[in-house]
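J.: Got a sequence here, can you model it:
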Amino acid sequence: MDFSILTDNFGLYLEGFKNTIIASVIALVSSFFLGVIVAVMRISPVKVLNWLGTGYVEFFRNIPVLIITFFFYFGLASIGIELDGLKAGTTALSIYTSAFIAEAIRAGIMSVPKGQMEAARSSGLSYNQSMRLIILPQAIKIVIPSLGNQFINLVKNSSILGVVAGLDLMYQADLISARAFVTFDVYLFVAMFYLVLTIPLSLGVHYLEKRLARSH
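T.: The predicted structure is shown next:
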């Protein structure tokens with residue numbers, strides 16, 4: 001392993017690492033909130049919302065994230081809406097991940113006893129208030145381990161930004177590799193940067209799993 005690859009190009013690696021973190025955090029937050037909305041739509045008593053939520057999940061969960069990224073980067077540009085690689089990749093990543101988060105949260109909502117909703121409604125809360133204040137907090141707590149795994153996958157999937165010049169780790173690695181005529185060492189260091197992000201997330205998920213198991 002040639003550590004001079006890392007030291008000589010540390011600025012580029014650091015820039016890619018920073019952009020990977022930015023894209024991951026933005027996509028994490030937006031995919032979570034979007035996933036919650038879609039999950040509530042999926043179990044809504046309003047059939048139109050139910051159909052829209054189901055269609056959203058089935059569509060985006062069953063196509064590659066690369067296709068979604070190309071749509072936002074190349075497709076929108078063809079009609080005059082231009083997004084740079086970072087914005088297009090982050091948007092695609094948010095939408096793609098939200099479909100999986102929506103399904104996880106829906107499963108959590110379904111596992112909450114029906115009596116919880118009935119008790120909330122009988123106490124005078126509306127359906128929306130009952131869902132927001134009573135059901136969703138319990139559902140999210142139940143599926144925290146699953147959500148944690150989705151967030152880890154999100155960080156790894158952020159490498160898709162490199163395909164559309166998203167200035168992330170993979171994009172910077174491609175530049176370094178082309179300049180230094182080295183491949184193995186360059187991408188090995190990239191893998192180490194990803195591990196810096198994913199290992200703490202993985203440990204955090206395991207910790208939450210154990211803590212929730214004890215509380216139950």
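
J.: Could you use CA atoms for every contact and neighbour count after this?
T.: Fine.

J.: Residue ranges in this structure under the pLDDT threshold?
T.: Judged against pLDDT under 70, the low-scoring parts of the chain cover residues 213-216.

J.: Where do the strands of it begin and end?
T.: Residue ranges of strands cannot be listed for the chain, since DSSP state E assigns none.

J.: and Val112, backbone torsions?
T.: Here the main-chain torsion angles of Val112 (degrees, to the nearest 10) amount to phi -70, psi 130.

J.: show me the contacts for it.
T.: Taking CA atoms under 8 Å, 6 or more residues apart in numbering as the contact definition, Val112 lies against 135, 138-139.

J.: cool, Ser94 as well?
T.: Going by CA under 8 Å, 6+ apart, Ser94 touches 26-28, 30-31.

J.: run the last query once more with 7 Å
T.: By CA atoms under 7 Å, 6 or more residues apart in numbering, the contact set of Ser94 is 27-28, 30-31.

J.: Now flag whichever of these is closest to Phe70.
T.: Compare each of the contacts of Ser94 with Phe70 using CA to CA and the shortest gap goes to Ala27, at 16.7 Å.

J.: Does that closest one touch Ala92 like I think?
T.: No. Using CA atoms under 7 Å, Ala27 and Ala92 do not qualify as a contacting pair, with a distance of 8.6 Å.

J.: which neighbours do those two share?
T.: None of the residues lies in contact with both Ala27 and Ala92 under the rule CA under 7 Å, 6+ apart.

J.: most neighbours, which of the contacts of Val112?
T.: For those, neighbours were counted by other CA atoms under 10 Å; the highest total belongs to Ile135, with 22 neighbours.

J.: what about Ser202, distance to Gly148?
T.: According to CA to CA, to the nearest Å, Ser202 and Gly148 sit 8 Å apart.

J.: all helices in the protein, in order from the N-terminus.
T.: Residue ranges of the helices in the chain, as given by DSSP state H, are 4-8, 10-42, 47-61, 65-70, 85-111, 114-122, 127-130, 136-142, 144-157, 169-180, 184-215.

J.: So which elements touch the longest one?
T.: In this structure, helix 10-42 packs against helix 47-61, helix 85-111, helix 144-157, helix 169-180, with contacts taken as 3 or more CA pairs under 7 Å, 6 or more residues apart in numbering; DSSP states H and E.

J.: Same question for the last one.
T.: When contacts are defined as 3+ CA pairs under 7 Å, 6+ apart, helix 184-215 sits against helix 144-157, helix 169-180.

J.: And for the fourth one?
T.: If contacts are counted by 3+ CA pairs under 7 Å, 6+ apart, helix 65-70 sits against helix 85-111.

J.: Go through the helix it packs on and flag the buried ones.
T.: Neighbour-count burial for helix 85-111, with 16 or more other CA atoms under 10 Å as criterion, is recorded at 85-109.

J.: In terms of packing, which of Ser202 and Gly148 has more residues around it?
T.: Taking neighbours as other CA under 10 Å, Ser202 and Gly148 compare with Gly148 leading, 20 against 17.

J.: And the contacts of stretch 124-131?
T.: For stretch 124-131, using CA under 7 Å, 6+ apart, the contacting residues are 117, 120-121.

J.: what's the spacing between the closest residue to Gln138 other than its chain neighbours and Ser98?
T.: Among residues not flanking Gln138 along the chain, Val112 sits closest, at 7.0 Å (CA to CA, 6 or more residues apart in numbering). Counting by CA to CA, the separation of Val112 from Ser98 is 21 Å.

J.: Please consider this matter closed, and thank you.
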